[in-house]
Structure formats: structure tokens, C-alpha cells
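Asker: Predicted structure and sequence below. I'll ask about it afterward.
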Number of protein chains: 2
Amino acid sequence: MKQSQLFTKTRRNAPKDEVSKNAELLIRGGYIHKEIAGVYDYLPLGLIALNNIVSIIREEMNAAGGEEVHLSALQDPAVWEATGRWDDAVVDNWFKTALKSGTALGLGFTHEEPLTRLMKDHISSYRDLPRLVYQFQTKFRNELRAKSGIMRGREFLMKDLYSFVATAEEHEKIYERMKEAYRNVFNRVGLGERTYLTYATGGSFSKYSHEFQTETENGEDTIHVCDACKVAVNEEIRHEQETCPQCGSKDMRATKAVEVGNIFSLGTKFSDALGLVYKDESGNDVPVVMGSYGIGPGRVMGTIVEVLSDKDGIVWPESVAPFRVHVVRLGDNDAVVSVADDVYAKLQNAGVPALYDDREGLSAGEKLNDADLLGMPMRIVVSEKSLAGGGVEIKNRTEKESEVVATGSLLELFA
Amino acid sequence: MKQSQLFTKTRRNAPKDEVSKNAELLIRGGYIHKEIAGVYDYLPLGLIALNNIVSIIREEMNAAGGEEVHLSALQDPAVWEATGRWDDAVVDNWFKTALKSGTALGLGFTHEEPLTRLMKDHISSYRDLPRLVYQFQTKFRNELRAKSGIMRGREFLMKDLYSFVATAEEHEKIYERMKEAYRNVFNRVGLGERTYLTYATGGSFSKYSHEFQTETENGEDTIHVCDACKVAVNEEIRHEQETCPQCGSKDMRATKAVEVGNIFSLGTKFSDALGLVYKDESGNDVPVVMGSYGIGPGRVMGTIVEVLSDKDGIVWPESVAPFRVHVVRLGDNDAVVSVADDVYAKLQNAGVPALYDDREGLSAGEKLNDADLLGMPMRIVVSEKSLAGGGVEIKNRTEKESEVVATGSLLELFA
């Protein structure tokens, strides 16, 4: 894409009321726009990055056997009253609204209730199980404060998968499969090395739930990491779990982290409340065993910005970057323009996603600063100097020094 | 996809409170699920069909020069107060909610206001124009009644594009380009022949707006069609436009229709109210000229079901169908299973999207009825009878008679 065609502009400073590092950098880069605290719009580059994360998650959910749906945001109180979660005293972050008739409606902050009710139309026998159903859907949570940028919003995209199986044993298998799928996701988006499977508070049906926590100094949570096993324990259950749950070691390191995913055994809480049963082989009605598995793609994107960026701007992993390459043309003389146009065309033809800074009237400093701020993995500078040096200057975003490569052999880098 | 793996089931009857033909068929086919009146969930097959429509629209918007964004559903009252549209007496279909602090918020029913405000960060000079910005985004409209299935919901997906240009002349060019893009969309989704560019009420800035109206007996609108020009006039402006706006003929045919898209000149209404100006070449501040262009992918999907279905079920155009082919296996004997598995595998390998009815324990009648209800464009029946006849039975959804094709030459049909 030609940068001159991109409607968004970078800016030197984020709005004064923006206190989170991720939103500050993303706003400055023109990736997102803030509507009110905790409510952000995704602009073209931000939407591409978000969709790259969504695609990775979707692939892993499909590979794990998930079927994709899209449930409504507007919520019927009846189904939430049946589980006791309509009450604001029980759930403190509802956004509620009403029909013209006065009937109250909610805005979904999660979707166990409507999906469990829906599945009653489709599950009747043990032969209908297991089922894994997921969606990418906008959640609304009426947070009292919202100071974490796109990492904890009042409105945000969530991937939520729900498992429906016949027995506790089968649930354990699916639960392990989802752990693996989640590990794959965090590896693929570039957070794998600093993301720990973390034991956290369970419910009535299992001792623990599991979070995926990414280490970052701005994290909201404290976790205790066993570096040998690469697992952690959330501070909240530290009193009952003082050693590594895998190797039993007491050598655990306390650190700040942000929860980027969580998986949870629900048991029969929702199927009991809403009457989701199946007939077993003997014809008896048995409640379906459920689990839930969540990742917020926006939170993942915000976390990537928090943990990988440097003083000059964002550093995107290649899998998430809106463009793999940023071709930066310095100067507008014919030779430079001709080579830069040619490099961009070659990358386009080779199917390498490239952003081309073809903007006129900007200084070299302005363009290079923008390239650092925007954070594409590879920068290719075309300038009079690079041409005099024999080609174009190539540099990875995380490297200090660039290297001159002849334009003729440029595509070999992407072979 | 194997039908045995699909969690949704077909059903003989839609819920009794469902009065629209499109929702009735889509619910029976397991394409959608009704939460409350006017609020529907998309199940796996329904989501694929919806996404096929979304992809077609996205391609046409990108081809027309659009840049994709995603704005929030939660709306800041301030920007709507500036245009006078926050007041329920002015806009009668707001859903409103509130932060914990008591601050009111709206749920977006359209997005002129927030996008116009946002563009102030990115448009400052005539060099920044024109810009075409669009999104696929969930709209919320508090309709008093909602009886049209997914054709008029209280919550629905909308593609809305907004154009920002320097002059009225430039606006006319973009407006004509969008007309063409819309025609392309309706042609590609299979509604082109019965969809008419329809002159409708304009605003302060243009005599008319334009709707795309699809002829259907269940339509909410009455239009007057000039069959020679393939354009129409909406009943609402019939008193001022009694002849064909293109050829001047008085020979116009009244018919029922549903609005599947609309395009609208906004002039400087929003840029005046919100201060979106650009500096012209002389350095003067000039308000940006705007237009808006909407299509609801769910409404398009509902309209396709309304106008193309027959007494046996849905009839999907190939471009929208969740799967191009429905392989229906009748009987479970080894020879039949082996050939059916093989046909499905061949289609998979050839990249032909296929649904494979591999379900056991259903009668031939049940399976064939389901295939008709689900409405894939081509049905391939594998049965003892078809094998005795020399292969598999192929039939298009709209044809009465099937044809036996040897499995060896099956793929030639998709070459």
C-alpha cells in the first residue's frame, strides 16, 4: 500500500488523557482512535494487525475442532435470570439498555447463557457430543475505570470458545487440547517466550482454572514463575499453592504480568441451570459438561505493543505486522523515485506485503521516525546515498545497522 | 465439511412467533437462531453465507478506493449533541445505556458523527482529499416492531462507507463510482436482475438520494419501475417525479420491493456541525463535502432467501452459498460409503467447497429434504441406485431432473 493513499497520519504526541503505553503508541501511529476511555476505533493499519491476530486464532480454533458462529450483543434477560447473573449485585459490569416497550436488555459481557440455551436445539444424544463452538464477537464491560488502552476496554473483540462434552474425562481431553491450541496462538503471535501457563482460581468444578500470563512491567497481575517448567501460579492462589504445580520446586520468581487468555472448566453449572442435557446410551438424561476458553485479540495486540516496543516506537512480529516491509523513499529525484517505485512493484508482484512511503515534502528524519514508530519488521530505504552505495539499505526494525543490497538481488531475501 | 461434524440440525418447523419467510427458512436450516424479535445469532452455515456476502462487498469497496476501519458501537453523546441527533425526539431508534458514573452512552445506529470527528485528525489540506472510509460494523436500532427476520433487525451488520471530498463536482464523481460499485455487488450476489436503482427523498444538498430496491412481494416499499431503463422511483417522491427520471417515459410499473442499499449526498451538514475543514490552495478553510453509502449484508442475505427460495427451501446463488456442492450419501453400505467418501475427497482436493451428508441412520427422504432446505447450488447423490446407473446423480438446486455422471469424469464439471 502506498502511504500517500493511507488516510491516517502519524502524530508526535498522544492525547494528554491517554495514560497507557500501548494506546499512546498506537494512537501516535494512527493505528487506533480513542472515542472515550476504554472505547477505541481501529483505523486501517490497526485493523490489519488485529485481523492478522484473529486469523491466527481462527486457524488454531479450527484445527482444534471448533465451529465458528456469531452471537448477538443484545441479551435477553430471561436466560441470565435463569443462572442468577442478570442481577447487577452479582455481575457488576453490565451495560443495560431497553426496548421501546420498556423491556430491559443487556449487552453481552460473555456468552455462556445464550449459547447454552441455543445448543438445546442441537444437542439431544450422546452422539451429538463433543461440540466446540466459538466466535469472534464484541463484548461490552462496564469497567469503573479504563486506563489500560486496548488491553482492558469497555468494548472489545473477544474470541470465546465453549466446549460441550459428555463426561468429565472427555472434558479433560478437550481442555488439554485447548491448552495446546492456546500455546500455539501465543507462539505464533510472538509472545510465546514470555507467556506462562498460570494456575489460577478454579470454580466448583475444578481446583484451578488456567490463565496465559505475559510478563510485562505494566502488568495488572502478579504471578510466580517456575523458570524450569515455564509455568506460573497467580498471586491469588499463592497461599494454597506455594510450589511449582509441575515439579514441586519452591524456586519461583515473582513478576508482573498481563492475562492474555484464560481457560476454565464450567462443569454442569450452565447446563444444570438451563436444562442442557443429552440422552446417554441407556436413555438417561445427563447434563452436558462445559468449558470456556477466551482470548481478546485486541488485548493480545496491546500486549505485543507493551512488551516488544522500544523508545522509538512499535516493533511488530512478522505474523502480526500490517506489512512485512516498509519501503521508505528519501528524496524525490527521478532516480530515487524510479528505483523505489520499482522495488515496491517487485515486492507487490512477489506477494510480499509492503507499505511504501511515497509521500512528498517530508524530511528524511520525519520519514525514518515514522517508520520506527509504525514498526514494520523490515525497512528498505531508497535514497541518493543508498543508490551511490550500490542499491537499497535494508534493516530489521530491531537492528541498529543497515546493509546495502543490490536491487537485483532483493527478492532473494523473501524466497 | 462433513455434515456429521456440523453441530446444527435442521428442523421441520420454525418457532411459532417467527413471521418472516427469510427467518423461518434460515432457522429451519440451522443457519440462524433467534434471541428475541429482531435479534439473531449466525450459526456456522449462516456465518459462511454472510461472510461470502461481506467478502464481495469488501472487494468492491476496495476496488472503489475504500479504506477499511472499525469504529466502536458505544457512542459519546458529545459528538451527537453537536449535530442535534442525540435527542430521542429527533432520532427515535436509539438504544441508550450508561457508564457506572452515570454518563449516558448510545449504541451506534450509524456513524457519520464519530467518523467526521475522527477525520479531523487526518484531513487538513486539499492534498488529503478525496478519502473513502468504510467498515463492516454492528448497528443497533431500537425498532418498535421487528417482524422482518434478518431483513430489518434491532442489531445487524452494516457496511457503511463515507466519502470526504473537496468539492461538489468531485462528490458527483465519487457518487457515480459508488453507484457502479453497488451495481457490481448486487450483480455478484445474484440479485442484479431484480434490483433497481431507485430515486428517493434527498436532503438539503441534493434533490434525490438513491436506493437499490429488490423486487419482492413481501417488500416494505412500493416503487415504480421503468423496465426500459431499469430504474425506479420510490412511492414517497412519486408526486414530484411521475415519469422515469432517465427516459421521461410515463410507462412505470408499481411493485413491492425491499431496500437493499442506499447512497446519499450529505453535503457539508456534518463537516459544518463538527468543524471538518480543509485548507484550499489559497489557504482558506473550506468544509469537506461528504456522502454516505450503506449495505446491510444480513439484509442482502435475507433478501436472497426471500426472493430466490422455493417451496422446498433455500436456493443460494453460487457466490453466496456456504458450499458450492452438497454430496448426499443415501444408504450406508460399503460400496456407497466408499464412493461417497471418494467423491468428497476429490472435491476437497480440487478446492471445490463441499458439504458431505455422511450422517447415518437417516432415511433418503430426510436427507433429500434437508438438501433442498439447505439450498446448495449443486447436489451430488451417491446411492446404490446411482451406482447401478453408472455413477452419481447430479442435479442443480433449481432443476427437476438429475443426470448420472461417472465418478471418473466428475471433476471435469468444475474445471
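Answerer: Thanks, I have it. The structure presented is a predicted model; accordingly, all values stated were derived computationally and were not measured.
Asker: Which one of the residues in the stretch 151-300 of chain A is closest to chain B?
Answerer: Among all residues of the stretch 151-300 of chain A, A:Glu155 sits closest to chain B, at 5.0 Å; criterion: C-beta to the nearest C-beta. To be clear about C-beta, it is placed using only N, CA and C from the backbone, and glycine gets the same treatment.
Asker: Quick check: closest non-adjacent residue to the residue minimising distance to the centre of chain A.
Answerer: What sits nearest the mean C-alpha location of chain A, by C-alpha atoms, centre = their mean, is A:Pro297, with 2.4 Å. Leaving out its chain neighbours, the residue that sits closest to A:Pro297 by C-beta to C-beta, 6 or more residues apart in numbering or on different chains is A:Ile53, at 4.4 Å.
Asker: how near is that neighbour to A:Glu259?
Answerer: For A:Ile53, the distance to A:Glu259 (C-beta to C-beta, to the nearest Å) stands at 16 Å.
Asker: Then A:Tyr356?
Answerer: Where A:Glu259 is concerned, A:Tyr356 sits at a distance of 38 Å (C-beta to C-beta).
Asker: neighbouring strands for the top strand by length along chain A, and are they parallel or not?
Answerer: Longest strand in chain A, counting residues (DSSP state E): strand A:253-267. Strand A:253-267 has its sheet partners listed here by DSSP bridges as strand A:208-215 (antiparallel), strand A:221-226 (antiparallel), strand A:289-295 (antiparallel).
Asker: for the stretch 251-400 of chain A, what spans make up the strands?
Answerer: Along the stretch 251-400 of chain A, counting by DSSP state E, counting those that start in this stretch, strands occupy A:253-267, A:277-279, A:285-287, A:289-295, A:325-329, A:354-357, A:378-382, A:392-396.
Asker: Kindly reformat those as JSON lines containing mean neighbour count and mean pLDDT.
Answerer: Shown next, in JSON lines, are the strands of the stretch 251-400 of chain A (neighbours: other C-beta atoms under 10 Å in any protein chain shown; pLDDT from 0 to 100):
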{"stretch": "strand A:253-267", "mean neighbour count": "21", "mean pLDDT": "97"}
{"stretch": "strand A:277-279", "mean neighbour count": "18", "mean pLDDT": "98"}
{"stretch": "strand A:285-287", "mean neighbour count": "15", "mean pLDDT": "98"}
{"stretch": "strand A:289-295", "mean neighbour count": "24", "mean pLDDT": "98"}
{"stretch": "strand A:325-329", "mean neighbour count": "26", "mean pLDDT": "98"}
{"stretch": "strand A:354-357", "mean neighbour count": "25", "mean pLDDT": "98"}
{"stretch": "strand A:378-382", "mean neighbour count": "25", "mean pLDDT": "98"}
{"stretch": "strand A:392-396", "mean neighbour count": "19", "mean pLDDT": "97"}
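Asker: Put together TSV for the ones you listed, with distance to A:Gly46 on each row.
Answerer: Below are these laid out as TSV (distance: least, C-beta to C-beta, whole Å):
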stretch	distance to A:Gly46
strand A:253-267	18
strand A:277-279	43
strand A:285-287	42
strand A:289-295	18
strand A:325-329	16
strand A:354-357	13
strand A:378-382	20
strand A:392-396	22
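Asker: between the ones you listed, which one is nearest to B:Met119?
Answerer: Closest to B:Met119 of the strands of the stretch 251-400 of chain A, according to C-beta to C-beta: strand A:354-357, at 20.7 Å.
Asker: Put the alpha carbons of the closest one into PDB.
Answerer: Taking Å, rounded to 0.1, in the frame of the first residue of the first chain, the C-alpha atoms of strand A:354-357 are listed here in PDB:
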ATOM      1  CA  ALA A 354       4.700  -3.800   1.700                       C
ATOM      2  CA  LEU A 355       3.900  -0.300   2.800                       C
ATOM      3  CA  TYR A 356       5.500   2.300   0.500                       C
ATOM      4  CA  ASP A 357       6.300   5.700   1.900                       C
END
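Asker: Could you check it against chain B for contacts?
Answerer: No. For strand A:354-357, no contact with chain B is found by C-beta under 8 Å from any C-beta of the partner chain; the gap never falls below 13.1 Å.
Asker: Check which helices and strands that strand sits against.
Answerer: strand A:325-329, helix A:334-349, helix A:364-374 (3 or more C-beta pairs under 8 Å, 6 or more residues apart in numbering or on different chains; DSSP states H and E).
Asker: Give me the distance between the longest one and the centre of its chain.
Answerer: Mean-position distance between helix A:334-349 and its chain equals 34 Å (C-alpha atoms, centre = their mean, to the nearest Å).
Asker: for the last one, same thing?
Answerer: Centre-to-centre, helix A:364-374 and its host chain are 26 Å apart (C-alpha atoms, centre = their mean).
Asker: outside of that helix, which residues touch it?
Answerer: A:10, A:25, A:28-29, A:45, A:312-314, A:326, A:328-331, A:355, A:357, A:359, A:379, A:381, A:383, A:397 (C-beta atoms under 8 Å, 6 or more residues apart in numbering or on different chains).
Asker: same deal with stretch A:280-289?
Answerer: Residues outside stretch A:280-289 that contact it (C-beta under 8 Å, 6+ apart): A:119, A:123, A:126, A:129, A:164-168, A:170-171, A:266-268, A:271-272, A:276-279.
Asker: Kindly report the same for stretch A:391-407.
Answerer: Contacts of stretch A:391-407 (C-beta under 8 Å, 6+ apart): A:310, A:315-316, A:339, A:342-343, A:346, A:372, A:375-383, A:385-386, A:389-390, A:408, A:410, A:413.
Asker: go on, stretch A:343-358?
Answerer: So stretch A:343-358 is contacted by A:1-4, A:6, A:321-329, A:340-341, A:367, A:370-371, A:374, A:376, A:380, A:382, A:392, A:407, A:410-411, A:414 (C-beta under 8 Å, 6+ apart).
Asker: one step back: got a list of what the residue of the stretch 151-300 of chain A closest to chain B touches?
Answerer: Going by C-beta under 8 Å, 6+ apart, A:Glu155 touches A:38-39, A:138-141, B:72-74.
Asker: do A:Glu384 as well
Answerer: Shown in contact with A:Glu384 (C-beta under 8 Å, 6+ apart): A:330-331, A:333, A:335-336.
Asker: can you check A:Ala23 too?
Answerer: By C-beta under 8 Å, 6+ apart, A:Ala23 lies in contact with A:14, A:32, A:34, A:40, A:149-150, A:302.
Asker: Now it. Its backbone dihedrals?
Answerer: Main-chain torsions, A:Ala23, degrees, to the nearest 10: phi -70, psi -40.
Asker: what bits of the stretch 101-250 of chain A have low per-residue confidence?
Answerer: Along the stretch 101-250 of chain A, the model assigns pLDDT under 70 to no residue.
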